[in-house]
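Novice: no sequence for this one, just the structure:
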C-alpha cells in the first residue's frame, strides 16, 4: 500500500511541477521580425526606408480613388456624379466621417509615425560594419525629408496643428494643443535643413525618385512661400517674402560640379513630354513615383474609347485663361477668336486639355452635342477632357500600352514661379536685389518654355500689383491640375471670391463638318465659406484630443 | 457486408422485434421518464463536482441523457432546443453531419467575437460532434458566475457540460437501441411553373423598359401552358425531380455495463447512417454521389479500485464520421447545390434533350442532374479519439475526507477530405435541329488533404476534501490545471490556459449554504505581467422551508439563492502584445527611371500593451419553490451582467499613427427565466406539465462608434446583432410625382411599384443619413417552451413545444428575389407583385431584372421570425415486467416520435430558423420508430 502511495505522490509531484512551469505560457512566435534584424542588415535598412515612400500622398484621381482635387476648384468638374470632388466643390463639407473632404489627418500621421519608428528603432542602432556613415546619412536624410513633407501636408491643410515629435506609445499622453503657425513652419524648415546636407544630389537611374538634396531645398522654398502669403502673413512682413525668395533662389542656383542641377525640360515636345519622361528630366525635383500603367488614361479617358471613364473635365473658365499664341488675351467677343477658339492659343492649352476636334489615341474628339464623346454616362460635362499627364502611348484600348506617370510634387517650373512671386513682393518686377534674376526674368523663362511667341516678359505689367496679377495668372496655367490651385487661392485669400462662382462648360453645336457654334453654360456650383480657408480637424480627433481646438468656424 | 445491406438488416431486425413486442400488455415501465425536477435525489453535475440539487446556489439547468436519447438527428445539441430556460438554439441548416447549431446561454455577452457557450465533455473540451445519445448521462447548462468561474478565462459565455455514462455496480446489463427515421424538409421554396415564370419574366422586362421586345412570345407562352413540346418548351419542377420525397436515417446502439466493488465498466458501440436527400441516379456511377453519412462511435469507460485507496478510471471514445457529397467538398457545398436547384427556372431546359443528351444552355450550364451525377464525389472524414484518465488516491489516512486526483485528457480530432471530381458537358439545341456542346466532360481528378488536425491536451492535479461534522458540511477542492489547444493546419502556436482554481462549499444544518469558487488563470496571448486574471465568484442560499417557522405553511420546499462573480472571455487576438516587422515585395516605394515597386519592410504589428481579455461581472438572484406535496414546482432567476474591456478600435487619437485595439468596450445584458412544473399521478395515470419562459436583453453601451450625423444611425445603445438599413415607407405609385418626393436617386432609379424609403432627417434626400435600425437580431431574445407528458399503464406520451420571440430574418438572395442576375428563378410569392393599380396592397414590389433600389438593405425584406414549433412528440409502449423473460429480455420499449412536426410563424417562404439566404440544406421534419431492449 505504501508503495502505491509513494508511487502516486511521485507521479503527482512530476505532474504538478510540469503544470506549474511557465514555459508554455511564455511561448512567442519566433518568426516575428524584430527591429534588431532590420538594423543588422544593410538591405533591410534600405527596405525600411523604401516603405516610407508609400506614405506620400499622390495626386492622380486620388479623392476616393476617383476624382482629382482640381475638380473641386475652378479648374475642372468630375464627369461621374456624386464624386468627392463634386461634393467638396459644391460646399458639402463637414467634420464627421462621410462628410469630410480630402481627409488626410490619419493617413499623414500613419506616415509620420513610420518615420519615427525608423528614427527610434533602426537608425540609432546601425553600426559601421553594417552600413557606413555616409550611407546611413543618405538613408536618414530621406526619412527626415519625408517627415518634413508629411508635416507640410498637414500645415497646408489645417494651418496650426499639434506637432507629433515621436512614435507615440499607446500609453503616452496624446492630448496636446496646436503649435503656433510659426512653430510649425520653423519645425518643417529645420527638418528640411537637417535633411538637405545628408541627402544625395542625385541617384543612379535605378534609384531615381528618391528624395534628393534639391527636394529638401525646394520643399523649404514652397513652405516659406506659403508662410509669406497673405493668409499666413496678415501683417505682410516683407522679411518672410525675402526668406521665401532666398530659399527658391538656392534651388535655382544649385549646381553640382559647376552644372545646374535643375532646369526646365525642353526636350522633345517640352511642356507635355515633361510629365511622361523620367530619364534625364532635370525639371523633376520630387515626384510621387508610380509603376507604368494606363490607369490614369482610362480614369480620365474619352468615353468613346471602350473603358474610358470621363474623369476630370476642365472648365471653360480655365480654358479661357489660356492666352493666344502671341501672348495676348483670348476673347470670345472677338469674332476671329471665337470662330476657331482652340487655334493659335498658348501651346499649353492643347498639351493640357482635350477639346472638340483634337486628336487623341487615333480618334477625333467629338464633344459637340450628340458627338461620341458627349453622349452616354460619364461623358464630359464641360465639353473638355483632361490631356495633361496623359500619354498617347498608354492606351487602354487595343493596341494597349503603358507609360510612366509620376505626379509632380516639386518641380523646377514651380520653383521659378515661387521665386518670381516672392521676388516681386520684395523687389518689384524688375529688381534683382541681392540675386541675379528678377521676377520678370523668372516669369519669362516659364513663358518661353511654354512656346509662346510673344509678350514673353508681360511688358504691360509695370507695377508690383500688375506683376503679381501676371504671376498668379501664369501659375494658374503652368501648374494647372497639379494640386496647386486650391491652395494658391486660399493663401492669396482669393478663394471666397473665385470659388463662390459657378463654373462653366461649353455647349458646342455642330453646324457642318468644320463649323461649330459655341455657348457657355453653367455646369456646377461652387461654394466657399470663409471657414474653408482651413480644413476642419475631424470631429473625432477634437473629441479625443480635448486640447485640440477646432479651426475657426467649423 | 456493405453499408446498405447492413442498414436494411438492422431495420428489418427492428421491425421483427417490434412485432414481437407490440401485442403485449403489462405494468412494467422502463425509463422513469417522469421525474420531479427540484427534489430529485439524483445529483447534478457541475464543474469538478456533483451536487444534490437541493443545495444548488448557482443558476443551472440540467436534462438527463435519456430524455434526449430518442430525438433524431446527429447533432445532439439540437435536441436541447426548447427544453431549457435561458438556452436558445437556432439550427441554420440540416446538412447531415453538420446540422449547424447556434447556441446562446442567456443571450449575447459581448459585441465582439462569439458569445457561444463552451461545450465540455466530462469537464474538458472535446469533440462534441456526432455524440451518441445513449452515451450521455446528463447535460447541465451552467449559466451564472458561480457555476462557471472555475473555468476562468473562458467562463463568460456559459458552459454546456455533457457528462457521459459510467458503469455501475450490479449485474451485467445489455441494452440495444435502434431507431429508423423518415425525414423531409420542413419547408421548401415554391417556384413557379414555366408558364407563370415566362409571363412574369416578360412583365419584368417591360417594367424595366416599356419598349423592350419580350423574351417569350404568345406562342411560347401557350406552349408552356399546354406542355405540347416538353423539349423546346420544358416545364420542369426541379425540386420534385431531384429531391427525394423523404430520406432515411438509421441509428443503432449497443451498450454493455456492469461491475462490482473492484471494477465497473460501460462499453458502447453505435452506428448512424443517413441516406441523403438528393434523388441521384444510382445507375450512372459505380460510386454514391448523395449527401449520405455514416458514423461509427465507440466508447469505453472503466473504473478500477486498485487496493483500498486508489481509484483508476479511464474513458476512451473513438469516432469515425464519413460524409459523402456530389462534387468537391466544402463547408458550404450544400449552398451551391441548392443554389443551382433554386435558381434554375422551370423553363430553363429539359433534364435531358430529345436525343438523350444532358440538356443545358449558355445561361444554365449547371443542369442539376449533372451537378448531382456527373461531378464525381467527395468524402469528408471526421475522426476523433479522446481519452480521459483519472487517478484518485484517498488520503483519508491523513485526514478524513481528503483525496488527491490527477487527470490527463487528450483528444485528437482530424478532418480529411478526398475529392474525386470532374466536370460535365451539356447540350443546347440549335436552330439547325442539332445540339451545341457547352462545357467539357473531364476525367476524374483526385485531390485530398487534412483541413483540420486539432489536438486538445489537458492535465490537472487536484486536492479534494469532503466531510461532515455534525450539522456542518464542508466540501472543497484546489486544483492546478493546464489546457493546450493545437491546430496543426494553422500557423498559429498552441493556445494555453493554465492556473490554479478552487472552491469551498459550506453547508450548515442543510439550510444555510455558502459557496466560494474561482480561478487564477493565464494565457500566453497577453503581455508578461498581465497574463493572469482572477475570476472569483460567491454564492449563497437559504432553504427557508427547513426553518421551524415554515413547517406548517404547506410549502414543501423554498430556497432563496444569489450569486455574484467575475468571468472572462478571451480577446481572440494573436500575440497582439508583441511588435513585429514584415518584409514584403512591392510594399516599398517606386524607384528607377523604369519605375519598379521595391521591397519594403515595415512595422506591421505595433506592440499593444493594452490587450486583455473581456471581463464580465454577473449577478443572479433565484428562487426555487415546491408546493402541494411537491406537485407544483417553480423556479425563477433574475440576472444582470456587465461586460467591460471589450477590445475596440478607433478610441485613441489618430496622431498615434496606427490602428490599435483598446479595451474600452462596454456591454450589458439582463433578463430573467422562469419555469413551472406540475407533476401528479391519478391512480395509474401519471402526467406532468412543464413550461418555461426566458428573456435576455442586451445593449451595446460603448463601442467607440464613429460619429454619426443623427442619433438613429448609431448601433451603440442597440442590442447586438440587429440589422441596419433604409426604412420602407410605401410603394411608389403611378400617382407620385418623383420630383416632389425625397430624392432617392442615390439608390438607383425609381418607378411605380418600387420601394420608397423614409426620409428620416427630412432633408429631402435618401442617403446614408436615413439608415436606421430595421430589425431585431437573428438570435431570439425571448425563448420559451412547454412540455406535457403522461403515462397510463404501459403507455407514455409526451409533447414539446419550442417558442421564440424578438428575432428576425432577412429574406434575400436567389431563393427569394426574382430573376437574380437576369437568369434566376421566380417563386409563388412573386405572383403577389405590385402591378399598376395595386396601390399599397401588393405583397411584393414591381418585378424587375435589375433594380438596385429595391435590394439595398431595407426593412421591407425583414421578417419577424418568432415562431412556435411542435418540436417533439413521442408515444411509447413499455413491455410489462417479466413478459419477455423467457426470451432473455428484461424489458423493452417501443416508441414512435416526430421531430419538427409543425411550425407557426410569419416567415412563410422558408423555415424561420434556416440561415437568412435560405440556400442551406433544409431543416428536416422527422418521424421515427424506435426500440429499446434491455437484456
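Specialist: Everything's here; your move. Computed from a prediction, not measured in an experiment: that's the story for all the values here.

Novice: which regions of the chain sit below the pLDDT cut-off?
Specialist: Answering for chain A, as no chain was given. By pLDDT under 70, the low-scoring segments of chain A are A:1-23.

Novice: the intended chain is chain B.
Specialist: Looking at chain B by pLDDT under 70, you get B:1-41.

Novice: any idea which element residue A:247 lies in?
Specialist: helix A:238-252 (DSSP states H and E).

Novice: contacts made by that helix with the rest, please.
Specialist: A:214, A:217-218, A:220-221, A:223-225, A:227-228, A:233, A:262, A:285, A:412, A:415-416, A:418-419, A:421-423, A:425-426, A:433, A:435, A:437, A:442 (C-beta atoms under 8 Å, 6 or more residues apart in numbering or on different chains). Where you see a C-beta, it was placed from the backbone N, CA and C, and this is true even at glycine.

Novice: secondary structure class for residue A:477?
Specialist: When classified by DSSP: H, G, I helix; E, B strand; the rest coil, residue A:477 comes out as helix.

Novice: from chain A, how far out is the residue nearest to residue B:844 when sequence neighbours are not counted?
Specialist: Distance criterion C-beta to C-beta, 6 or more residues apart in numbering or on different chains; nearest residue to residue B:844, sequence neighbours excluded, is residue B:833 at 4.4 Å. Applying C-beta to the nearest C-beta, to the nearest Å, the value for residue B:833 to chain A is 29 Å.

Novice: ok, residue B:833 touching residue B:846?
Specialist: Yes. Between residue B:833 and residue B:846 there is a contact under C-beta atoms under 8 Å: 6.2 Å.

Novice: any idea which element the residue sitting furthest away from the middle of chain B lies in?
Specialist: Centroid-distance maximum for chain B: residue B:593 at 59.1 Å, with C-alpha atoms, centre = their mean. Counting by DSSP H and E, there is no helix or strand that carries residue B:593.

Novice: report the beta-bridge partners for the most centrally placed residue in chain B.
Specialist: Chain B has residue B:101 as the residue nearest its centroid, 0.7 Å off, counting by C-alpha atoms, centre = their mean. Beta-bridge pairing for residue B:101 (DSSP bridges): residue B:91.

Novice: residue B:79 is in contact with that one, correct?
Specialist: No. The criterion here is C-beta under 8 Å, and residue B:101 misses it with residue B:79 at 9.9 Å.

Novice: who in the stretch 201-350 of chain A is up against chain B?
Specialist: Residues of the stretch 201-350 of chain A found near chain B (C-beta under 8 Å from any C-beta of the partner chain) are A:205, A:206, A:207, A:208, A:209, A:210, A:278, A:279, A:289, A:290, A:291, A:292.

Novice: going by neighbour count, which of these are buried?
Specialist: A:208, A:209, A:210, A:278, A:289, A:290, A:292 (16 or more other C-beta atoms under 10 Å in any protein chain shown).

Novice: test my guess that the last one contacts residue A:403.
Specialist: Yes. Look at residue A:292 against residue A:403 with C-beta under 8 Å: they come within range, at 6.2 Å.

Novice: shared neighbours, those two?
Specialist: With C-beta under 8 Å, 6+ apart as the test, residue A:292 and residue A:403 both reach residue A:394.

Novice: tell me the contacts of the residue farthest from the centre of chain B?
Specialist: Residue B:593 touches A:205, A:206, A:208, A:278, A:279, counting by C-beta under 8 Å, 6+ apart.

Novice: and residue B:133, by the same measure?
Specialist: Counting by C-beta under 8 Å, 6+ apart, residue B:133 touches B:65, B:68, B:69, B:70, B:71, B:76, B:79, B:251, B:253.

Novice: which of those fall in strands?
Specialist: If you go by DSSP state E, the contacts of residue B:133 have B:251, B:253 in strands.

Novice: make TSV from the contacts of residue B:133 and add neighbour count and distance to residue B:439 to it.
Specialist: Formatted as TSV, the contacts of residue B:133 follow (neighbours: other C-beta atoms under 10 Å in any protein chain shown; distance: C-beta to C-beta, whole Å):
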residue	neighbour count	distance to residue B:439
B:65	21	51
B:68	21	47
B:69	21	48
B:70	25	47
B:71	22	43
B:76	24	42
B:79	25	43
B:251	26	40
B:253	21	46
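
Novice: residue of the stretch 351-500 of chain A with the smallest distance to chain B?
Specialist: residue A:404 (6.1 Å; C-beta to the nearest C-beta).

Novice: surely that residue touches residue A:276?
Specialist: Yes. At 5.5 Å, residue A:404 counts as touching residue A:276 under the criterion of C-beta under 8 Å.

Novice: more crowded one of those two?
Specialist: residue A:404 (23 against 20; other C-beta atoms under 10 Å in any protein chain shown).

Novice: so what does that one look like in phi/psi?
Specialist: phi -80, psi 140 (degrees, to the nearest 10).

Novice: residue A:116 now?
Specialist: The phi/psi pair for residue A:116 (degrees, to the nearest 10) reads phi -70, psi -30.

Novice: and it, how far from residue B:686?
Specialist: 78 Å (C-beta to C-beta, to the nearest Å).

Novice: now the residue nearest to the spatial centre of chain A: how far from residue B:359?
Specialist: By C-alpha atoms, centre = their mean, chain A has its centre lying nearest to residue A:409, at 4.7 Å. For residue A:409, the distance to residue B:359 equals 62 Å [C-beta to C-beta].

Novice: try residue A:523
Specialist: For residue A:523 relative to residue B:359 (C-beta to C-beta), the value is 54 Å.

Novice: what's across from residue B:755 in the sheet?
Specialist: Beta-bridge partners, per DSSP bridges, of residue B:755: residue B:731.

Novice: I figured it hits residue B:854, correct?
Specialist: Yes. Using C-beta under 8 Å, residue B:755 makes contact with residue B:854 at a distance of 5.0 Å.

Novice: what touches both of these two?
Specialist: By C-beta under 8 Å, 6+ apart, the residues touching both residue B:755 and residue B:854 are B:845, B:860.

Novice: quick one: the strands in the stretch 51-200 of chain A?
Specialist: A:76-78 (DSSP state E, counting those that start in this stretch).

Novice: what does it put close to chain B?
Specialist: A:51-54, A:56, A:82, A:96-99, A:105-106, A:109-114, A:116-117, A:121, A:162, A:164, A:167-171, A:174-176.

Novice: which among the residues you listed count as buried?
Specialist: Using 16+ other C-beta under 10 Å, the buried members of these are A:51-54, A:56, A:97, A:99, A:105-106, A:109-114, A:116-117, A:121, A:162, A:164, A:167-168, A:170, A:174, A:176.

Novice: separation between residue A:240 and residue A:433?
Specialist: 15 Å.

Novice: if you count what's nearby, which of those two comes out ahead?
Specialist: Between residue A:240 and residue A:433, residue A:240 has the larger neighbour count (other C-beta under 10 Å), namely 23 against 15.

Novice: for the more buried one, which non-adjacent residue is spatially closest?
Specialist: The shortest distance from residue A:240 to any non-neighbouring residue, by C-beta to C-beta, 6+ apart, is to residue A:228 (3.7 Å).

Novice: wasn't residue A:537 part of a helix?
Specialist: No. With three-state DSSP as the criterion, residue A:537 is located in coil rather than a helix.

Novice: surely it meets residue A:548?
Specialist: Yes. Using C-beta under 8 Å, residue A:537 is in contact with residue A:548, at 6.1 Å.

Novice: which residues are in contact with both of residue A:404 and residue A:276?
Specialist: residue A:391.
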